[in-house]
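In: pasting the sequence and the predicted coordinates here, then a few questions.
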Amino acid sequence: MIPADAELLPGAIAGLVALSLAVAILATAWPRQAHRIGLLGALAVTAWVLGLSALFLNAGPDPEAAATRVALGGWEAPLGLMLHLDGLSMTLLVLTAVVGLATSLYSLGYVHDRIERRQFWPLWLWLWAGLNMLFLSGDAFNLYITLEVVSLSAVALVAFTGTAAAVSGAVRYLLVNILGSLSFLMGVVLLFGEHGVLDLVLLEARTEAGPTERMAAVLMTAGLMLKAALFPLHVWLAPAHGSAPAPVSAVLSGLVVTGSFYLILRLWMGVFAPLATPAFGILVGMLGVAALVWGSLQALRAGRLKSIVAYSTVAQFGYLLVAFPLMLVDPGAWRVVVFFAVVHALAKASVFLAAGTLQHAAGHDRLADLGDVLRARPRTVFALGLAGVSLMGLPFTGGFIAKYLLLEAGLGTVLAGSVIGVLWVLAIAGGGLLAAAYILRMVAPTFHRGREDAGETVSPWMDWVPLGLATIAALAGLAGTLTLNTLALTPGAP
Amino acid sequence: MDGGWLLLAILFSSLGPGIAIFFLPEHRQGLRTALNLGGAGTKLALVAVLLDGVLRGDEYYFSLPLMPGIDLVLAADSLSLLFASLSAVLWFVTTIYAIGYLEGSPRRSRFFGFFSLCVSATVGIALSGNLVTFLIFYEILTLATWPLVVHRGTPAALRAGRLYLAYTLTSGLVLFTAIVWLTLLAGAEGFTPGGYLDGLADTHATTLQILFVLLMIGFGVKAALVPLHSWLPIAMVAPAPVSALLHAVAVVKAGAFGIIRVVNDVYGTELAIELGLTAGLLVVAAITIVYASIQALRTDDLKQRLAFSTISQVSYIILGVALAGPLGIIGGLVHLVHQGITKITLFFCAGNFAETLGIHRISELDGVGRRMPLTMLAFTLGALGMIGLPPLAGFVTKWHLGLGALEAGMPWVLGVLILSSLLNAAYFLPPVIRGWLGERREPWHEPLQAQAGPTRFETHWMLLFPVVFTAALGLLVGLFAGLELSPLGWVSLIVRRDYSLPEFGL
């Protein structure tokens, strides 16, 4: 007998897509009320996602069974569009909902200009809907479309304040995105030409390590690496993330980049899995080490608060690359990588929101002149520090658990006899020290003796949301087992 | 999960008030004091309940799954109670002292918030039931102490804070790696008297040796083992209650406690001797004891001298553990308590001199005994205790360490003890002699009276009471060392109950 929860699941999945699209369309059609629609929509979507996750966990598909797949309009693959929900997408949907809700609440205070409000909310809701659909898409072409929805709304969000810095950052971001998307699309076309299907599950069954797959892998991965700002294709990230308005930076660094990474992971765990060789793994791992060192050094040199945070994203994503060779030795380690990405997204979003509050209060974010405001706003600095502890990978935060599991996987490769594993272990352990150094740069001025000046008043939302999200990032340390178990419900994954 | 709530309550009795204090506006002084003292008092009462329960033989255990196969475990054995009671008692007096010390100074909400976090982490360390839990609280302690070290906000304080973090975070990562490695090999076992690594001894001997060195580096920085000690004398710029807490209860002790746990409850003394690990540790401890005493002689700054003395004295604990015989372990464990009580007295005294009369250097101490007789008396008791004069606490320690050295067949350790006692006398007697016998010609600067008006006693009562209390405590634990409930009695009980060592008599 199939439990009732499992029967409700397909409807709930389709409902989530419909709901998030409906909210976005409503806000676009009715921009005057966009912020109200947005707030209600954010609450509704979050509630829906949480309900869906409860359904999903209750239905308890065992890892061997197929993931829940919904054919839209009754057309089955390979012709129709398929929605696809498994443990991996569920985890990222919940992450998106948490960060999305926090960002929405924060934006209530941050975006108060009437004109800006009309522009911000529809774009942001489209971005959110795009992310939800991205995580639920089950075929390569659909992934391309949703990726475009996400990218284009992200570009518009970077530009929406209309300042010269924002527009130039946005244009650069747009070019990068177009290049990345084109590259990805060419890969999709190659795969379709060879195998005649787009559905990922069907593709996975048909692919082997042939030249077409190799070419497609290079194109799609390069495109996605560009979008995820993975080293060495990261140069665009700091200006774009640094110049965007704070809630947008939070979403970009927390969710959008993670979305691109999700795609890379999905593809390499499924379609491209036969292509991964140990030598390739070592190459990717080396890139990760370089990203860690280079990103951290840039963060140590940067003069602006938000630039430090943006470079920290480059550094932290180095861990994800370092984890790649670990996954080749222990395929189960991919769950650790996803958990790391989730925890990073939570912490990074709260750091960006906190930085936004400080920037708004001071009117600038030059670190050298920020001391007065830092001293006068201990609550925001506390949020920054708490999320920073998570980024450093120190207890009691989600970052610590993620770091522990990564280190465990790294030491596992060493014990399995891999000499290069020592480098991965050093990188994983040492990266935390670099993170501590650049987080300390942001927090230490608070403790200098000196004047206090709270600067411009900020709304209570901007005061409290960063602290709340940072607390969630810290408490994620308690959700380690739950997340890993949810991720284990991903069929086809090791 | 029997009685796990009690362990949680002990943890939250300082964590809860700490978090509440963070959100208190600066001017809510009464409420803040109430929260501080309420938390400290509650913790003291709860630890007493726990002590009673453990004496009756009740089991206390709490666990929470963190990662697949790895739990956060709180447990109360007699060793953890030794450290927990020490920190509960000394936290209570330090809280009173800190309230008096910081009266009227800015940013007290921040200070007391982190102060409470710091103590919660220390109690967490005491109650940790396995290495991963220990690591979690150990690292929280690192982070919670940093704001206290840099509290004054001067460039010197910030420099000290940077150095402190550089040392502790780096060693923390070494410890982190070692613990992950060990857990990968042996599983997330709970602390077991006698160790839980026997199964690996034949196959992984070299790995275990390497891991031991890594663990000692990890703990050695906080325990200030030479050559990893440089941060401690520089961290002296912190306010006096912080130094007192750092040296007597929290940071330094956490490192020493970690070493005790690793030697006794992870490796087990037998395995540690077999792998030749205790011999190395013994040499490091002996070097630290002598070297730090010599350094203490060379400095004129009172607090810095006390800091070097801490480095030297904490290594007595390590020395006792490394002797790896029952008497040596008794000496080491009991010194965990004795050094804490004595050193906190000395730091309180140094703080009183600095706050009341603006004295920071030993050369300025001339005649202070006449102006502040009670504080000077307490200082004298502490100094004599450190030197090891009977019947004070330090004597009990040194007596057992000496017996332990003979028992272990290492008479050279006796030489180290004698040399170090002479050096102790050489650097502790001059301030005592100056204080009582020196003459002061010009009138005292009175920064405290200038700021807060005349005081009823020789200084503010909140500064005086803790000093008198801990000094008396130092005298009492030495005088009544023979009683069942004295630290010595308790430690003998631990050694007899937990470590299946051969019967011994005194």
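Out: That came through fine.
In: hmm, the strand or helix carrying A:V425 touching chain B?
Out: Following DSSP states H and E, the helix or strand that holds A:V425 is helix A:421-443. Yes. Helix A:421-443 is in contact with chain B by Cβ under 8 Å from any Cβ of the partner chain, via A:V425, A:A429, A:G430, A:G432, A:L433, A:A436, A:L440. To be clear about C-beta, it is placed using only N, CA and C from the backbone, and glycine gets the same treatment.
In: quick check: closest non-adjacent residue to residue 219.
Out: No chain in the question, so chain A it is. A:G187 (3.8 Å; Cβ to Cβ, 6 or more residues apart in numbering or on different chains).
In: not quite, go with chain B.
Out: Excluding the flanking residues, the one nearest B:F219 by Cβ to Cβ, 6+ apart is B:G258, at 3.9 Å.
In: A:L415 too?
Out: Take A:L415 and drop its neighbours on the chain: the residue closest to it by Cβ to Cβ, 6+ apart is B:L184, 6.8 Å away.
In: show the pLDDT at the one you found.
Out: pLDDT recorded at B:L184 is 90.
In: what sits against it?
Out: B:L184 makes contacts with A:E408, A:L411, A:G412, A:L415, as judged by Cβ atoms under 8 Å, 6 or more residues apart in numbering or on different chains.
In: for ChimeraX, what selects the buried ones among those residues?
Out: Entered in ChimeraX, the line below selects the buried ones among those, by 16 or more other Cβ atoms under 10 Å in any protein chain shown:
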select /A:408,411,412
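In: with distance to A:H360 added, can I get the contacts of B:L184 in TSV?
Out: TSV is the format used below for these (distance: Cβ to Cβ, whole Å):
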residue	distance to A:H360
A:E408	41
A:L411	43
A:G412	45
A:L415	49
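In: which one of the contacts of B:L184 is nearest to B:K43?
Out: For the contacts of B:L184, the residue nearest B:K43 by Cβ to Cβ is A:E408; the value is 34.2 Å.
In: so how far is the helix or strand where that closest one lies off the chain centroid?
Out: A:E408 belongs to helix A:398-415 when assigned by DSSP H and E. Taking Cα atoms, centre = their mean, to the nearest Å, one finds helix A:398-415 lying 20 Å from the centre of the chain it belongs to.
In: what ranges does chain B have for its strands?
Out: Applying DSSP state E to chain B gives strands spanning B:61-67, B:70-75.
In: looking at the ones you listed, which is closest to chain A?
Out: Closest approach to chain A among the strands of chain B (Cβ to the nearest Cβ): strand B:61-67, 4.9 Å.
In: which other helices and strands does that closest one contact?
Out: For strand B:61-67, the packing partners by 3 or more Cβ pairs under 8 Å, 6 or more residues apart in numbering or on different chains; DSSP states H and E come out as helix A:398-415, helix A:480-487, helix B:4-22, strand B:70-75.
In: could you export these as a markdown table, including distance to B:V47 and mean pLDDT?
Out: Output for the helices and strands packed on strand B:61-67, formatted as a markdown table (distance: least, Cβ to Cβ, whole Å; pLDDT from 0 to 100):
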| stretch | distance to B:V47 | mean pLDDT |
| --- | --- | --- |
| helix A:398-415 | 27 | 91 |
| helix A:480-487 | 30 | 87 |
| helix B:4-22 | 6 | 89 |
| strand B:70-75 | 13 | 90 |
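In: deepest-packed of the strands of chain B, please.
Out: Highest mean neighbour count among the strands of chain B (mean count of other Cβ atoms under 10 Å in any protein chain shown): strand B:70-75, with a mean of 22.
In: list of residues touching that one?
Out: Counting contacts by Cβ under 8 Å, 6+ apart, the residues outside strand B:70-75 that touch it are A:404, B:4, B:7-8, B:11, B:60-66, B:124, B:127-130, B:132-133, B:136, B:183, B:188, B:190-191.
In: can I assume A:T96 is in contact with A:W128?
Out: Yes. Applying Cβ atoms under 8 Å, one finds A:T96 in contact with A:W128, separated by 7.0 Å.
In: what number of residues lie near B:V491?
Out: 25 (other Cβ atoms under 10 Å in any protein chain shown).
In: is A:F231 in a helix, a strand, or coil?
Out: The three-state assignment at A:F231 reads coil, by DSSP: H, G, I helix; E, B strand; the rest coil.
In: skipping adjacent residues, who's closest to residue 33 in space?
Out: Defaulting to chain A. A:Q33's closest residue in space is A:A27 (Cβ to Cβ, 6+ apart), at 7.8 Å.
In: to clarify, I was referring to chain B.
Out: B:I99 (5.8 Å).
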